[in-house]
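A.B. asks: model this:
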Amino acid sequence: MESQEPFAIASFRSRQAVFRLEALLRQKGVESRVISTPRAVSLGCGLSLRFDLSRFPAVLSVYRAGNVPNLIGFYRVEPGQAGLRVSPLETGL
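C.D. replies: From the prediction side, this is the model:
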């Protein structure tokens, strides 16, 4: 069963970008995993990268340094009884 704790996602317009950022994060020791994009962010390729909110600064740093294209955005996802609530994360991009 999935945790009910809030988490973050990076959503992209292409699957290649999702897998590229995942590989860059893995190289830096930042845990992440590919998931289906939540319906509330119903844009893009259908895949997103999920990671702990506490790791957002590290993910953002790797993203900026890696020149990963096609970003839609970074989002905070909060599971609840009424479904997922999704809100943009401030990136300064």
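
A.B. asks: how far away is Ala65 from Val30?
C.D. replies: 12 Å (Cβ to Cβ, to the nearest Å). C-beta coordinates here come from the backbone N, C-alpha and C atoms, glycine included.

A.B. asks: Which of those two has more residues huddled nearby?
C.D. replies: Remark: of Ala65 and Val30, Val30 carries more neighbours, 17 against 10, as counted by other Cβ atoms under 10 Å.

A.B. asks: what about the more buried one, helix or strand, and which?
C.D. replies: Of the helices and strands defined by DSSP states H and E, none includes Val30.

A.B. asks: With Tyr75 instead?
C.D. replies: Secondary structure assignment for Tyr75, by DSSP H and E: strand 71-80.

A.B. asks: buried stuff in that strand?
C.D. replies: By neighbour count on 16 or more other Cβ atoms under 10 Å, the buried set for strand 71-80 is Leu71, Ile72, Gly73, Phe74, Tyr75, Arg76, Val77.

A.B. asks: Verify the stated contact: the fifth one with Arg85.
C.D. replies: The one in question is Tyr75. No: judged on Cβ atoms under 8 Å, Tyr75 makes no contact with Arg85 at a distance of 10.1 Å.

A.B. asks: can you pull the contacts of the closest residue to Arg33 other than its chain neighbours?
C.D. replies: Using Cβ to Cβ, 6 or more residues apart in numbering and skipping the chain neighbours, the partner closest in space to Arg33 is Arg50 (5.4 Å). Listed by Cβ atoms under 8 Å, 6 or more residues apart in numbering, the contact partners of Arg50 are Phe7, Ala8, Ile9, Ser32, Arg33, Val34, Ile35, Val77.

A.B. asks: which one's the longest helix in this protein?
C.D. replies: As assigned by DSSP state H, the longest helix anywhere in the chain is helix 15-27.
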